[in-house]
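Engineer: This is the structure alone, sequence omitted:
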C-alpha cells in the first residue's frame, strides 16, 4: 500500500468545484441586476395584455388570465393625443422621418470631418478638434434658445428640416471624435500607398477607408438611431406639432386624461415606442461593443 | 541627367530641423541605400521624394523634371512600405491595379501589366486572394508588384524587409537584387540594417541628424569611413577605437606604453596631433605569440565567441576592451597573453577634435 505506483493514482487536472465563491458572488450580482431591470418590463408587458377590468380589480404583479392585444391595437391606431385620436402610429412615422435623415446626414458630415482631421491635417485642425471636443461638455440646454432663433431666421422653425439640423449638430462632437480616432488608428502607410497610387480625397475615403470602417459606421448608426429615437426635447421644440416624434406622442397619450386612466393602452404605447432601440441593441450589441473598442484604441 | 536630384533640401517640423540643407544626386539605374539609426531622417527624406511630405526649402528633380510640388502619383515613382500597406478589402489583383484604374488606363493594358509583374514576382497563383490570406513574404511581393505595375523610373523602398523574419529577409534580399539587375531601375532604399545596405547598394548614404555623413560605395564606406560616426556605425562587431596621439611628425601613433608605426597608412597628411583615434576592424587584427615592435599591441584574452565560420575573441589591451576575428581553429585559452598585429594599411585614423578621418 505504501508504494502505490504513481500511474495508478488519479491523473489529469485537479478537479474544480462547480461553483467557486467568486463565481457565486458574480452570478448573484448579475441575477439581482437582471431582475431589477427586467421586472418593470415584465409589469409593462402583462399590464398591456390585460383588459381594463382586470387592471382595476387585480394585483399588478399577477399575469393576466385572458390575454388580449386590444390595448396594443388601440395604442397603435386610435389612442388620443390631445385633439386627435389617431394612435401612436402618427408618431412612429414622424420618428422615422426624423431619425433616418438625421442619422444619415450626421454620419456623413461626422465621418468626413473625422477623416479630414485624421488624414488631411490643415492649419489649426487640432485647435478645431479641441473646440469640437470642449463644445460637447457645454450643457446643451444653453443652446436651445439660440437654436430656436437661428432656425426661425432660417425660416425652418417648427419643421422637419429644423429638427434634422439640430440632431445633426448635436451628434457631431461625439461622432467626429469616434471617426477621427478610428481613422487615426488605421495604418498611415495605407494612406500613403493610396496617395502614391494617385487616389485623391474622395477616392481614398470611399475606396480604401470606408470598406475598412464597417464597425465604426455600425456604431455610429446605433448611437444616432437610438439617441434620436429616444429624444423628446428637440422633437417637442423644433419639429412642430404635425411632426412630433413618437416620444412626444407617447407623452401626450399618457397625459391626456379622459375618464379613467387606460393603463393597458399606456403600457402598450410605451412598449411600441421602445421597440426600435430595443431591437437595435438586441441585434447589434456585438458590433456596438466591438466598434466602441476599435474607436478607442488611439487618441 | 541625374535620375533623382535633391537640391538644398530642408525640412522643419515646427522649429525642429529634420533634414538640413541636404543634397543628393542619384544616377540612372543606381541602387542607393539610405542607412542610419532611427530618427536620422532617412525615412523622412524618402517621404519627401515621394511627395508625401512638403519640404520647407529646396528642390527635388526626378528625370530632370522639377517635381518639388507635384503630387505623389505624378512624380514617376513607385513605393514599397515596411507594413506592406496593402488594401485589405481588395484582392491581390485589385491591389495591383488600383492605381492604374485611377489613372484611367484601359482594361487590357492593366491586365497586361499585372500579368507581367506577377510573372516577374511569381505571385500568379495568388492573384485572386486577399492580403489577409497571404504570408508576410507574399504580401511584400504583392507590395513590390503594386510598385512594378506603375512602370516608373524610380522605386522607393521604406524598410521593406524589416517586418519579415531573418530567413525570409535574406531570401527577399537576394530577390530584390535580382529584380534590380533585371529591371535596371533607379532604386532608393531605406534601411537600418547594415547587411542589407552593404549587400544591395551601389552606393550607401549614411545619415545622422538629417545630414548625409558619407555617400560612397559599400567597400569604401567599410574600409575608409569618412568620420568616427560612420566608422562606428558600419561593421558588426564595431570597429575598435583607441585614443592616443600621433608623434614624430605623424610617423607613429602612441597610446599608453604602445607605439605603432604608421608607415603604409592610406590617407592624408597625419602630422602631429595630440588628440587622435585609431580605428581597427576586428578582422584587420591578428594574434601572434611574439611582439613585433611598432606593429603589435600586447593583450590578454578574456573570452571568445565561436560563430561557426570564425570566432570572435575579446581581449584587454592597456585596459581597453578589443575584439579580434580569428579562424575558429585558432581559439586561444582565456587568460593567455598574446600580441595583436595591426594591418596599418587597413586602419583608419581620426582627429578627435573634429572626428574626421585623417
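Structural biologist: Nice, thanks for sending it over. For clarity, every value in this text was computed on a predicted model and none was experimentally measured.
Engineer: What's the local residue count around the closest residue to residue A:264 other than its chain neighbours?
Structural biologist: Distance criterion C-beta to C-beta, 6 or more residues apart in numbering or on different chains; nearest residue to residue A:264, sequence neighbours excluded, is residue A:71 at 3.7 Å. Glycine gets a C-beta too; all of them are placed from N, C-alpha and C. Residue A:71: 24 surrounding residues under other C-beta atoms under 10 Å in any protein chain shown.
Engineer: list the buried ones in the helix-or-strand element of chain A with minimal mean pLDDT?
Structural biologist: Lowest mean confidence among the helices and strands of chain A (mean pLDDT, DSSP states H and E): helix A:263-295, at a mean of 80. Neighbour counts using 16 or more other C-beta atoms under 10 Å in any protein chain shown place A:263-274, A:276-277, A:280, A:284, A:287-288, A:291, A:294-295 of helix A:263-295 among the buried residues.
Engineer: Any idea how far that helix is from the middle of the chain?
Structural biologist: 7 Å (C-alpha atoms, centre = their mean, to the nearest Å).
Engineer: and the residue nearest to residue B:235 when sequence neighbours are not counted, how many neighbours does it have?
Structural biologist: Nearest residue to residue B:235 in three dimensions, chain neighbours excluded: residue B:281, at 6.0 Å (C-beta to C-beta, 6+ apart). Other residues lying near residue B:281 total 23 when counted by other C-beta under 10 Å.
Engineer: do you know how far residue B:281 is from chain A?
Structural biologist: 37 Å (C-beta to the nearest C-beta, to the nearest Å).
Engineer: Quick check, that residue in contact with residue B:324.
Structural biologist: No: Residue B:281 is not in contact with residue B:324 according to C-beta atoms under 8 Å; the separation is 9.6 Å.
Engineer: Check which residues of the longest helix seen in chain B are buried.
Structural biologist: For chain B, the longest helix by residue count, based on DSSP state H, is helix B:166-183. By 16+ other C-beta under 10 Å, the buried positions in helix B:166-183 come out as B:168-169, B:172-173, B:175-176, B:179-180.
Engineer: Now do the same for the helix or strand hosting residue A:76: mean pLDDT, whole number.
Structural biologist: Following DSSP states H and E, one finds residue A:76 within helix A:70-77. Helix A:70-77 carries an average pLDDT of 90.
Engineer: now the angle between helix A:263-295 and the next helix or strand after it, please.
Structural biologist: Remark: after helix A:70-77, the chain's next helix or strand is helix A:89-119, criterion DSSP H and E. Angle of helix A:89-119 versus helix A:263-295, following axes from the mean of the first three to the mean of the last three C-alpha atoms, to 10 degrees, is 10 degrees.
Engineer: what's the next secondary structure element after helix A:89-119?
Structural biologist: Next along from helix A:89-119, by DSSP H and E: helix A:125-135.
Engineer: Which strands or helices does that following helix pack on?
Structural biologist: In this structure, helix A:125-135 packs against helix A:89-119, helix A:160-185, with contacts taken as 3 or more C-beta pairs under 8 Å, 6 or more residues apart in numbering or on different chains; DSSP states H and E.
Engineer: tell me the contacts of the residue of the stretch 101-250 of chain B at minimum distance from chain A?
Structural biologist: Here the stretch 101-250 of chain B gets closest to chain A at one residue, residue B:102, 4.6 Å apart by C-beta to the nearest C-beta. Counting by C-beta atoms under 8 Å, 6 or more residues apart in numbering or on different chains, residue B:102 makes contact with A:197-199, A:203, B:73.
Engineer: Show me what counts as buried in stretch B:231-247.
Structural biologist: Within stretch B:231-247, the residues scored as buried using 16+ other C-beta under 10 Å are B:231, B:233-235, B:239-242, B:244, B:246-247.
Engineer: which of the residues you listed lies closest to residue B:32?
Structural biologist: If you rank those by distance to residue B:32 using C-beta to C-beta, residue B:234 comes first, at 15.7 Å.
Engineer: Between the helices and strands packed on helix A:125-135, which shows the greatest average number of neighbours?
Structural biologist: Greatest average neighbour count among the helices and strands packed on helix A:125-135 goes to helix A:160-185 (a mean of 22), per mean count of other C-beta atoms under 10 Å in any protein chain shown.
Engineer: and the angle from that helix to helix A:263-295?
Structural biologist: 30 degrees.
Engineer: Which parts of the helix or strand following helix A:160-185 count as buried, going by neighbours?
Structural biologist: Per DSSP H and E, the first helix or strand lying C-terminal to helix A:160-185 is helix A:188-196. Neighbour-count burial for helix A:188-196, counted by 16+ other C-beta under 10 Å, picks out A:189-196.
Engineer: What about chain B: which of these touch it?
Structural biologist: Restricting the buried residues of helix A:188-196 to those touching chain B (C-beta under 8 Å from any C-beta of the partner chain) yields A:189-190, A:192-196.
Engineer: hang on, the earlier thing: would you reformat the helices and strands packed on helix A:125-135 as TSV and include distance to residue B:58 and mean pLDDT?
Structural biologist: Formatted as TSV, the helices and strands packed on helix A:125-135 follow (distance: least, C-beta to C-beta, whole Å; pLDDT from 0 to 100):
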stretch	distance to residue B:58	mean pLDDT
helix A:89-119	25	94
helix A:160-185	30	92
